[in-house]
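K.L.:
A structural model of the following input is requested.
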Amino acid sequence: SRRRQFQRQNSTQAEEKLELLDSVKICCRHDNSKLFFSAFSVIIILCLGGLGFTLLEKDHEIVRIKAFSDDRRKILKALGNNEDLFQFIQNHSNAFLPYQRETHWNFDDSVYFSLMIITTLGVADQYPKTTGGQLFCAFYALSCIPLMGLFLMLLGRKIVASISSLIRCCCMDTADRDEL
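P.N.:
Reported below is the predicted structural model:
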């Protein structure tokens with residue numbers, strides 16, 4: 001009696017371990033590991049792109065903003081230090097728009113720019129202006145767009161497989177579903 005109880009307890013524990021192992025297998029299947037690895041790779045390349053663009057472009061933009069500040073003082077002086085007239089001109093002129101913010105090349109904006117590059121959406125108001133930034137952008141795009149394509153392909157396959165299995169389960173008889 002005690003022996004049977006021990007065997008039942010061991011078989012229950014073994015079944016629980018097998019269920020846990022099956023759930024780990026589902027999570028770590030080869031398809032899933034490719035998807036997770038490609039997603040991790042996309043996150044890494046976005047961070048590297050953000051860092052690269054920040055390092056290459058931020059100093060140049062700060063110099064341009066300082067030059068704009070000097071030009072602002074000259075224009076204000078030419079207007080007889082009439083701040084109201086200068087504000088009116090600034091509010092109604094597109095020439096001042098790029099300088100409304102301190103810089104476009106902080107880390108957050110650089111990661112956003114990197115995302116726009118690898119998804120091939122593009123950004124019209126922000127682009128690298130230094131030679132180093134433009135070369136980095138070209139090599140970054142050539143190397144990272146295919147990786148983003150791979151990630152999107154694997155993600156699409158996963159979504160299609162999930163929808164297919166959902167449709168199969170919803171449209172099957174309960175007897176057929178139990179066999180799965």
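
K.L.:
report the central residue of this structure.
P.N.:
The residue lying closest to the centre of the chain (C-alpha atoms, centre = their mean) is Leu115, at 5.4 Å.

K.L.:
that one: what's it in contact with?
P.N.:
Contacts of Leu115 were listed using C-beta atoms under 8 Å, 6 or more residues apart in numbering, and they are Leu46. Placement of C-beta: from N, CA and C, glycine included.

K.L.:
what pLDDT does His104 get?
P.N.:
For His104, the pLDDT comes out at 73.

K.L.:
now the nearest residue to it once chain neighbours are set aside: how far from Glu61?
P.N.:
Of all residues beyond its chain neighbours, the one nearest His104 is Gln126 (5.0 Å), with distances taken as C-beta to C-beta, 6 or more residues apart in numbering. Applying C-beta to C-beta, to the nearest Å, the value for Gln126 to Glu61 is 10 Å.

K.L.:
okay, and His104 sits in which element?
P.N.:
For His104, there is no helix or strand it lies in under DSSP states H and E.

K.L.:
what about it, how many residues close to it?
P.N.:
18 (other C-beta atoms under 10 Å).

K.L.:
enumerate every residue touching it.
P.N.:
So His104 contacts Glu61, Asp125, Gln126 (C-beta under 8 Å, 6+ apart).

K.L.:
where are the low-confidence patches of this structure?
P.N.:
1-31, 94-103, 124, 172-180 (pLDDT under 70).

K.L.:
all helices of it, in order?
P.N.:
With DSSP state H as the criterion, the chain has helices at 2-27, 30-78, 83-91, 107-118, 131-171, 174-179.

K.L.:
how far away from the center of its chain is the fourth one?
P.N.:
Put simply, helix 107-118 sits 8 Å off its chain's centre (C-alpha atoms, centre = their mean, to the nearest Å).

K.L.:
which of the residues in that helix are buried?
P.N.:
Asp109, Ser110, Val111, Tyr112, Phe113, Ser114, Leu115, Ile117, Ile118 (16 or more other C-beta atoms under 10 Å).

K.L.:
distance to Ile45 for these - can I get that in CSV?
P.N.:
Output for the buried residues of helix 107-118, formatted as CSV (distance: C-beta to C-beta, whole Å):
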residue, distance to Ile45
Asp109, 17
Ser110, 12
Val111, 10
Tyr112, 14
Phe113, 13
Ser114, 7
Leu115, 10
Ile117, 10
Ile118, 7
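
K.L.:
what's the farthest-apart pair in those?
P.N.:
Across the buried residues of helix 107-118, no pair lies farther apart than Asp109 and Ile118, at 15.3 Å, counting by C-beta to C-beta.
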